[in-house]
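Participant: Fold the following.
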Amino acid sequence: MMAATLPAQLLPHAQDSAHAALPPASQPMRVSLAFVAQHVNVYLRFGRPAREIVLDRWRRVAVFMPGAICCRIKWLGDDFGTALWQLMVLQAPTPLSGVQRVSGVSPGARILLRADGEPRVKTVLAAIDAIEAAGLDPCAVAPVYWRMVGNRLAARLPLPAYTPERHAAHLAREALR
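Facilitator: Residues are numbered from 1 along each chain as shown. The predicted model follows:
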């Protein structure tokens with residue numbers, strides 16, 4: 001009974017539990033990008049950054065607000081040719097969503113799709129081109145579609161088409177939220 005009458009500053013564990021009940025503050029997602037001819041090319045295939053910060057002539061940082069979706073491509077080369085092809089479709093974390101650690105992405109992101117290796121990256125790039133050819137913005141595509149593409153890649157199955165009808169269904173679901 002005595003503990004209830006003490007001021008909050010004398011009960012540090014009570015303050016900790018009060019702060020734990022609050023959702024974490026939204027932080028923008030920062031994606032590092034770089035270009036060094038013939039060696040490194042880390043760039044955005046699509047995405048609408050809230051701002052870009054130029055660090056020097058080789059490096060910059062794209063800043064995305066919570067919930068934004070982007071596609072980062074990483075290509076590394078050496079004296080013998082291509083050493084790495086990687087494509088990731090990332091969603092900037094919201095206050096209540098979990099994040100995954102991704103090199104060059106701070107504080108982390110939700111990985112919607114990851115493709116490694118030239119053939120898989122080129123397959124996903126063709127799907128992105130088809131989405132754009134249909135007049136749709138890849139940033140507005142349903143996140144579940146990108147996850148499905150990743151699953152189909154892993155299972156070595158053909159990728160599903162993202163049609164205007166599928167996009168209309170996604171927009172209708174979003175309107176109900």
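
Participant: Would you map the helices across the chain?
Facilitator: Assigned by DSSP state H, the helices in the chain fall at 2-5, 12-20, 118-133, 143-154, 164-176.

Participant: Any stretches of this structure with poor pLDDT?
Facilitator: For the chain, the stretches with pLDDT under 70 are 1-25.

Participant: try 90 this time
Facilitator: In the predicted model of the chain, residues 1-27, 37-38, 77-84, 94-99, 170-171, 173-177 satisfy pLDDT under 90.

Participant: Find the nearest non-adjacent residue to the spatially most central residue of it, please.
Facilitator: Geometric centre of the chain, nearest residue: Leu90, 1.5 Å, by CA atoms, centre = their mean. Setting aside the residues directly before and after it, Leu90 is nearest to Ala109 in space (CB to CB, 6 or more residues apart in numbering), at 4.0 Å. Where C-beta positions appear, they are placed from N, C-alpha and C, glycine not excepted.

Participant: returning to what we had before: tabulate the helices of the chain (JSON lines), appending mean neighbour count.
Facilitator: Listed next are these as JSON lines, based on neighbours: other CB atoms under 10 Å:
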{"stretch": "helix 2-5", "mean neighbour count": "6"}
{"stretch": "helix 12-20", "mean neighbour count": "10"}
{"stretch": "helix 118-133", "mean neighbour count": "15"}
{"stretch": "helix 143-154", "mean neighbour count": "17"}
{"stretch": "helix 164-176", "mean neighbour count": "11"}
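
Participant: now the ones you listed in a markdown table, with distance to Val63?
Facilitator: Compiled in a markdown table, the helices of the chain are given as follows (distance: least, CB to CB, whole Å):
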| stretch | distance to Val63 |
| --- | --- |
| helix 2-5 | 45 |
| helix 12-20 | 26 |
| helix 118-133 | 22 |
| helix 143-154 | 20 |
| helix 164-176 | 24 |
